[in-house]
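Participant: Whatever this is, show me its structure:
(2 chains)
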2 protein chains.
Amino acid sequence: MSTQAPDPDFRAMLRTAIDEARAGLAEGGIPIGAALYRADGTLLGRGRNRRVQDDDPSVHGETDAFRKAGRQRSYRDTIMVTTLSPCWYCSGLVRQFGIGTVVMGESVNFSGGHEWLRANGVRVVDLADPECISMMGDWISANPLLWNEDIGVD
Amino acid sequence: MSTQAPDPDFRAMLRTAIDEARAGLAEGGIPIGAALYRADGTLLGRGRNRRVQDDDPSVHGETDAFRKAGRQRSYRDTIMVTTLSPCWYCSGLVRQFGIGTVVMGESVNFSGGHEWLRANGVRVVDLADPECISMMGDWISANPLLWNEDIGVD
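Facilitator: This is a model prediction of the structure:
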């Protein structure tokens, strides 16, 4: 008999992040979305990359969801759900605040710091979601310069 | 004959970050300030931790200075000046965007990801500034719970 709670519905949580990414795409932005949940399924915050919309390079999907969640005393039992493997900036956020779990839609089009997070005790789940893979792949193909700007490639 | 340009005045740049930290302290906030400069001495953006002032956990000194600098096509020749060793969140920012140099006021009261940045090719200068050390040390002693919240310690 296991004392471990069953996993929450990661695919349902990813739906929230995808909806954010699609909203960003409709705004002319970079289609990456994220959501921060409690392990019990409570949504704390959701957000999306808004480099283009707000002309703000600091708003990645994950940092936006983290901000929207407001101040939390502990992140140990929280889950950061994101449509794409978190970049170093967002991976650093996860590590510093002790977010326990990262669920990512895909890591085909970009691979950030998720292996580093794993090595540092974060549970990382890669859903390899076909919708995330095609959405991001199509967008990068059409917007290579903007994509390179967003990930700091000269 | 060296072809290398002389270092800019790191201590003068640190003054900007200290001024930001002191402004935050006067507002009742966490006294960490930062500034992003070009290597030629141009100030791109300055900012400070505003967890308390804005009730926003995503605004660290470095992320605020980065945001204030607006969108930049390349960060290779930029210098992130901060009063304190950058946490993992802010170190991840530096690594992802390829910020070439980090100048920190001190790493006595907190040591974040600066050695990791060094290992990944970032130039890191520790000024071991007595004003930064005493400002932060005094504040942490007086505000341990708020400090732990800011660095994600349960």
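
Participant: nearest spatial neighbour of the closest residue to chain B within chain A, skipping sequence neighbours?
Facilitator: As assessed by C-beta to the nearest C-beta, chain B sits closest to residue A:92 within chain A, at 2.3 Å. For the C-beta atoms, the positions are set from N, CA and C on the backbone; glycine is no exception. Take residue A:92 and drop its neighbours on the chain: the residue closest to it by C-beta to C-beta, 6 or more residues apart in numbering or on different chains is residue B:92, 2.3 Å away.

Participant: how far away is the one you found from residue A:88?
Facilitator: Distance of residue B:92 to residue A:88, computed by C-beta to C-beta, to the nearest Å: 4 Å.

Participant: do the same with residue A:145
Facilitator: Distance, residue A:145 to residue A:88, by C-beta to C-beta: 20 Å.

Participant: So between these two, which is more surrounded?
Facilitator: Set residue A:145 next to residue A:88 and count neighbours by other C-beta atoms under 10 Å in any protein chain shown: residue A:88 wins out with 22 against 9.

Participant: Backbone torsions only: list them for that one.
Facilitator: The phi and psi torsions at residue A:88 (degrees, to the nearest 10) take the values phi -60, psi -40.

Participant: Show the end-to-end separation of stretch A:5-16, please.
Facilitator: Counting by C-alpha to C-alpha, to the nearest Å, you get 22 Å between the two ends of stretch A:5-16.

Participant: So what touches the helix or strand where residue A:89 lies?
Facilitator: Element membership of residue A:89 [criterion: DSSP states H and E] is helix A:88-97. For helix A:88-97, contacts defined as C-beta atoms under 8 Å, 6 or more residues apart in numbering or on different chains pick out A:60-63, A:66, A:75, A:80, A:82, A:86, A:99, A:102, A:112-114, A:116-117, A:120, A:122, B:57-58, B:87-93, B:95-97, B:112-113, B:151-152.

Participant: can you give me the strands for chain A?
Facilitator: With DSSP state E as the criterion, chain A has strands at A:33-38, A:43-48, A:78-82, A:101-104, A:123-126.

Participant: Surely residue A:87 touches residue A:113?
Facilitator: Yes: the pair residue A:87 and residue A:113 qualifies as a contact (C-beta atoms under 8 Å) at a distance of 7.0 Å.

Participant: where in chain A is pLDDT low?
Facilitator: Applying pLDDT under 70 to chain A picks out residues A:1-3.

Participant: tell me which parts of it are close to chain B?
Facilitator: A:51, A:55-58, A:63, A:66-67, A:70-76, A:87-93, A:95-98, A:112-113, A:149, A:151-154 (C-beta under 8 Å from any C-beta of the partner chain).

Participant: What segments of chain A are helices?
Facilitator: Taking DSSP state H, the helices of chain A run over residues A:10-26, A:51-54, A:61-68, A:88-97, A:114-119, A:130-142, A:144-150.

Participant: Tell me the buried residues in the fifth one?
Facilitator: To tie it back to what came earlier, the one meant is helix A:114-119. By neighbour count with 16 or more other C-beta atoms under 10 Å in any protein chain shown, helix A:114-119 contains the buried residues A:114, A:116, A:117.

Participant: same thing with the last one?
Facilitator: For helix A:144-150, a neighbour-count test (16+ other C-beta under 10 Å) marks A:147, A:149, A:150 as buried.

Participant: hang on, isn't the second one packed against residue A:52?
Facilitator: Right, residue A:149. No: Residue A:149 sits out of contact with residue A:52 when judged by C-beta under 8 Å, with a separation of 9.7 Å.

Participant: burial count for residue A:5?
Facilitator: Residue A:5 has 8 nearby residues by other C-beta under 10 Å.
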